[in-house]
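In: How does the following fold in three dimensions:
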Amino acid sequence: MRRPQHFDAVIFDLDGVVTDTASVHAIAWKALFDDYLRGRAEDRGETFRPFSAEVDYDGYVDGKPRYEGVRSFLASRGIDLPFGSPGDGPDQETVCGLGNRKDATFAEALARDGVRVFPSSLRLIQELAEVGIPRAIASSSKNCAQVLRLCGIEDLFQVRIDGAVAADLGLAGKPAPDYFLKCAELLGVSPVRTAVIEDAISGVQAGRAGGFGLVIGIDRRGDGAELRRHGADIVVSDLLHATAKSIDQWRAAKRPDSLVDMARRGRVH
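Out: Below you'll find the predicted structure:
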């Protein structure tokens, strides 16, 4: 099998791209916010408006670091809580406390139900390895390493930048491009010669902001138009038909004008 000519590496998001954990995250977020919002409404004599696993999850939480997701959603409801600290207990009414409560719920679900790898994604990752294309994982989740170990696929990626690593390095979360740019740096490749695969709007925004050569959006929730509008060059419903060859063709067919323009402004190299 010939090595692709138009790209040198692929960076994958984890939840919703490689593993079917996005649905577990969505359930954990809904459980957290419904419980909190219901109690807040009862205390204040207000009408309880539940968290929407579609509108609210996609718009304010998906793809973002945990505490930023909490803060973003609460702000959408006009709620301003103190940030607190990462060591806050899950019963504390702070951004970190609520985030830690969600993480505990997610960890319980992982331990109880395990996690599934999308077969099409695994096949593509293995094919890329066979033709010598480096792979990285870029996930906002601090549970990323645990999920990769549970699935037995940690060795399929040369680089992992997740929520825990990003906190140590001081990287901004998606939609900032920091996670992806650090992956490219550690892989020793140029962003222009790198493909990014994401299922979150914040993720495709990050890929576009970083000047990556190809941003592939996976539409698993019917938001393909939004993925394309926010930065995806190609939108697919699954990676079933994605191959090293098709990614090479997609990158070759992409008009380079915007990339050249960004390079002139010093945003890519």
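In: For this protein, give me the ranges with low pLDDT.
Out: Scanning the chain for pLDDT under 70 picks out 1, 255-269.
In: Nearest to the spatial middle of it, which residue is it?
Out: The residue lying closest to the centre of the chain (C-alpha atoms, centre = their mean) is G63, at 4.0 Å.
In: How about the contacts made by that residue?
Out: Residues in contact with G63 (C-beta atoms under 8 Å, 6 or more residues apart in numbering) are 13, 140, 174-175, 198, 200-203. C-beta coordinates here come from the backbone N, C-alpha and C atoms, glycine included.
In: so when I look at it, I'm seeing a strand, right?
Out: No - read with DSSP: H, G, I helix; E, B strand; the rest coil, G63 is coil and lies in no strand.
In: about what we covered before: most neighbours out of the contacts of G63, which is it?
Out: For the contacts of G63, neighbours were counted using other C-beta atoms under 10 Å, and G203 has the most, 34 neighbours in all.
In: quick one, what contacts it?
Out: G203 sits next to 13, 63, 174-175, 196 when contact means C-beta under 8 Å, 6+ apart.
In: Now I218. Nearest residue, chain neighbours left out?
Out: Spatial nearest neighbour of I218, excluding adjacent residues (C-beta to C-beta, 6 or more residues apart in numbering): D199 at 4.2 Å.
In: from what I can see, L240 looks like it's in a helix, true?
Out: No - L240 is assigned coil when assessed by three-state DSSP, not a helix.
In: That one is in contact with S120, isn't it?
Out: Yes - under the criterion of C-beta atoms under 8 Å, L240 makes contact with S120 at 4.3 Å.
In: ok, A184 touching T194?
Out: Yes - between A184 and T194 there is a contact at 5.3 Å, judged by C-beta under 8 Å.
In: can you list residues touching both of the two?
Out: The contact lists of A184 and T194 share 9, 11, 212, where a contact means C-beta under 8 Å, 6+ apart.
In: most neighbours, which of those residues?
Out: I11 (31 neighbours).
In: now the one helix or strand that one maps to: how far from the chain's centre is it?
Out: When secondary structure is defined by DSSP states H and E, I11 falls within strand 9-12. From the chain centre to the centre of strand 9-12 is a distance of 13 Å (C-alpha atoms, centre = their mean, to the nearest Å).
In: C-terminal to that strand, which secondary structure element comes first?
Out: According to DSSP H and E, the helix or strand after strand 9-12 is helix 22-44.
In: Against which helices or strands is that following helix packed?
Out: Applying 3 or more C-beta pairs under 8 Å, 6 or more residues apart in numbering; DSSP states H and E, one finds that helix 22-44 contacts helix 95-113.
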